[in-house]
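1. Sequence first, then the predicted structure:
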Amino acid sequence: MPPVEETKNSRSIGELVAGISERFSRLIRDEIELAKLQATQKAKKIGLGAVMLIVAGVLALYALGILLLAAVWGIANALPLWLSALIVGFALLLICGILALIGLKKIKASNEYVVDPKSGILNDIEAAKKGLAHHE
């Protein structure tokens, strides 16, 4: 191999390390800036989606009221209006009661899952200690 000639522009190791450090810092800052921009875009899309879901929910609530009124009028063709309204009202209460019971059952079932990250971390540390002791 031919000898390497030093040129006027050769830099010291300290200068090379400083250059690498500066470029790495710039890269990290640029990555953080990119993450901020992506988070902003995501937040805008989530916000717009949430607004649309709220509007859809409000309109669905009005539609439900109209459908219930139509059910009352439909039953009123065979029964008095007050009795048809009473039937639809009791049917709604029955549905609400069933949904409430199912919801309570689900809430009670969730109590069997205990969230305890501290013990999980302690178990991981103990496992790591045992693994290190085993390899020594």
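-> All right, it came through fine.

2. where does this protein dip in pLDDT?
-> Filtered on pLDDT under 70, the chain yields the residue ranges 1-9, 115, 132, 134-136.

3. cutoff 50 now
-> Within the chain, no stretch falls below the threshold (pLDDT under 50).

4. Break it down into its domains, please.
-> Domain assignment for the chain by automatic domain parsing gives 11-78, 81-136.

5. Please enumerate the helices of the protein.
-> With DSSP state H as the criterion, the chain has helices at 13-76, 81-110, 117-135.

6. Can you lay out the ones you listed as JSON lines showing mean neighbour count?
-> All C-beta atoms are positioned from the backbone trio N, CA, C, and that covers glycine. Below are the helices of the chain laid out as JSON lines (neighbours: other Cβ atoms under 10 Å):
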{"stretch": "helix 13-76", "mean neighbour count": "11"}
{"stretch": "helix 81-110", "mean neighbour count": "11"}
{"stretch": "helix 117-135", "mean neighbour count": "9"}
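
7. Run a quick check on L79 versus L86, I expect a contact.
-> No. Counting by Cβ atoms under 8 Å, L79 does not reach L86; the two are 9.2 Å apart.

8. what residue lies at the spatial centre of the protein?
-> Nearest to the geometric centre of the chain sits I46, at 10.5 Å (Cα atoms, centre = their mean).

9. tell me the contacts of that one?
-> I46 makes no contacts at all, as judged by Cβ atoms under 8 Å, 6 or more residues apart in numbering.

10. just Q38 next, same as before
-> By Cβ under 8 Å, 6+ apart, no residues touch Q38.

11. Distance of it relative to L92?
-> To L92, Q38 is 45 Å away according to Cβ to Cβ, to the nearest Å.

12. Could you list the alpha-carbon positions for stretch 106-122 in PDB?
-> Output in PDB follows, covering the C-alpha atoms of stretch 106-122 (Å, rounded to 0.1, in the frame of the first residue of the first chain):
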ATOM      1  CA  LYS A 106     -68.800  -6.400  32.400                       C
ATOM      2  CA  ILE A 107     -67.600  -3.900  35.000                       C
ATOM      3  CA  LYS A 108     -67.600  -6.600  37.800                       C
ATOM      4  CA  ALA A 109     -65.700  -8.900  35.400                       C
ATOM      5  CA  SER A 110     -63.000  -6.300  34.900                       C
ATOM      6  CA  ASN A 111     -62.100  -6.300  38.600                       C
ATOM      7  CA  GLU A 112     -60.300  -9.700  38.100                       C
ATOM      8  CA  TYR A 113     -57.600  -7.900  36.100                       C
ATOM      9  CA  VAL A 114     -55.300  -6.000  38.400                       C
ATOM     10  CA  VAL A 115     -53.100  -3.400  37.000                       C
ATOM     11  CA  ASP A 116     -49.800  -3.600  38.900                       C
ATOM     12  CA  PRO A 117     -46.800  -2.500  36.800                       C
ATOM     13  CA  LYS A 118     -44.500  -2.200  39.800                       C
ATOM     14  CA  SER A 119     -44.600  -5.900  40.600                       C
ATOM     15  CA  GLY A 120     -44.000  -6.700  36.900                       C
ATOM     16  CA  ILE A 121     -40.900  -4.500  36.900                       C
ATOM     17  CA  LEU A 122     -39.700  -6.000  40.100                       C
END
